[in-house]
Structures are given as C-alpha cells and as structure tokens.
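Colleague: How does the following fold in three dimensions:
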Amino acid sequence: MEVKEFLKDLYVIDNGHVRCFLIVGKENALLIDTLFKQDDVFSEVKKLTDNPVTVVLTHGDGDHFGGVAPFKECYLHHNDFDLVKEDVLKHAVKENDTFDVGDYHFQVIEIPGHTNGSIALFDKEKGLLISGDSLQKEGPIFMFGEHRDLDKYIESHKKLLAMKDEIKTVLPSHHEYPIDNSYIEKNLLDAIDLKDGKLEGVKTTDRPCLTYTGKNGTSFYFN
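Modeller: Numbering: from 1, shown residues only. Down below sits the predicted model:
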C-alpha cells in the first residue's frame, strides 16, 4: 500500500490497482472511497488522523466500497445503494451537496453511466475534480454489466465538458494520476464512437466482454 500526501492535507492511498483519497482538516476528515475489504483502509486512515471521518463513495463497485464496514456509515447516490452489500448506514447524496473539510470544499456532481449512481467531487476554488472511475487516462473503463449505461455516460461527459475551463486537476481512481481536463473530451469522443459502432472490439482474456479502443486512446470494456 502506498500512502502519499499529494496536496496539503490530501492523501492518496493506493493499493496498486485502485486508489482512494483522504482529506484531513483540523476537526474532521473526509475519505473518498474505501478500496477492497482486504486492504484495511480503516487502519491506514487511523495512522493519519484521529478525527471523525466522513466516508463518501463515488459509486458502488466493490473496489470502492469494500473497506467501508469499520466506518459504520457512508454517503453515496441512492441509485447505487443496492450495489453496496455491506451492513452500514447509507446516506443519500445528490447534485450540489457539499462536503467541507479544512481548506477543501467539495461539491457533488452527478455523472451516471459507469454506474447509475456515479458521482464526482469538485472543489471549484482549487479546480480539483475527484472523478471515481468515470474519467480516466486511457482506461480501460468498465462499461459492461447490467448497471452500466453508455448513453448516460456520454451525457455525463458532456456535462463535465461544459465545466472544463473550471477543472484544472483530475484525480481518477485508476491508472495515471493526476490528469488534466483534456481527458474529458478524449473519453467523450471515444465513447461516442463506441456508441456509433465505429470501434472494433477485441477479445478480453479475463472478462466476459470485448475491449474497444478509440482514436483518442480511451479503451472500454463493453458488450
């Protein structure tokens, strides 16, 4: 497990496959996602702060909620409640809800598509977007399975594209970080080509789907 202070009071906790983010203020802390259960992110957080910790999930995939149980409760979009199988108290978030910790002021941005309840967290003053799995460099981005929706994914990226000038730094959950705002349009254009049948799929060896890669470099697991 790698723990790194990326910005002042903002820590990246990375298991080599997926990462989560801990922001520590003087009186409270905010944890965005919780990795897999076996990663024991609770112990990692306790090494960094004794403050009360609020947990927000960007979406309900297992590598994002797996370590949530020791925290007893979490916040996520209600459309992903059914994906989170842990016995914790779930609080619903919606567009424009805010989470304040220290010098960070995050606003909830609803970006369904990767899952029906996917959200991003945006600090407008810092131009900082924590994007979950929806916005990445290259990917592959998971878009196969019953709770994925390519049409919604495209509309969500159009929404992010309209905010592009405000977004300076993006922290995705997978692959390279940080990335810049140019990947909003790259992901979007490749997703549109995927929808329009312009990309050729190749067999994915370890998953029941095909892999499609667009001309802007974004790859998708899709079926």
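Colleague: hey, let's count contacts and neighbours off CA atoms from now on
Modeller: OK.
Colleague: Please name the bridge partners of the spatially most central residue of the chain.
Modeller: With distances taken as C-alpha atoms, centre = their mean, G132 lies nearest the centre of the chain, 0.7 Å away. Counting by DSSP bridges, G132 is bridged to P172.
Colleague: my guess is it meets S173, correct?
Modeller: Yes. When contacts are counted by C-alpha atoms under 8 Å, G132 is listed as touching S173 (5.0 Å).
Colleague: Contact partners for the closest residue to M1 other than its chain neighbours?
Modeller: Leaving aside its chain neighbours, M1 sits nearest to N15 (4.6 Å; criterion: C-alpha to C-alpha, 6 or more residues apart in numbering). Going by C-alpha atoms under 8 Å, 6 or more residues apart in numbering, N15 touches M1, E2, L35, D39.
Colleague: quick one: the second one and V18 touch, right?
Modeller: In other words, E2. No. E2 is beyond contact range of V18, at 10.9 Å (criterion: C-alpha under 8 Å).
Colleague: out of these two, which sits in the busier spot?
Modeller: V18 (19 against 10; other C-alpha atoms under 10 Å).
Colleague: Mind telling me what element K158 is part of?
Modeller: helix 150-162 (DSSP states H and E).
Colleague: Quick check: mean pLDDT of that helix?
Modeller: For helix 150-162, mean pLDDT is 98.
Colleague: What are the buried residues along it?
Modeller: Within helix 150-162, the residues scored as buried using 16 or more other C-alpha atoms under 10 Å are L150, K152, Y153, I154, E155, S156, H157, K158, L160, L161.
Colleague: Looks like R148 contacts T115 (just checking).
Modeller: Yes. Using C-alpha under 8 Å, R148 is in contact with T115, at 5.1 Å.
Colleague: Between the two, which is the more surrounded one?
Modeller: Counted by other C-alpha under 10 Å, R148 and T115 do not tie: T115 has more neighbours, with 27 against 18.
Colleague: Quick check: pLDDT value at that one.
Modeller: Note for T115: predicted pLDDT of 98.
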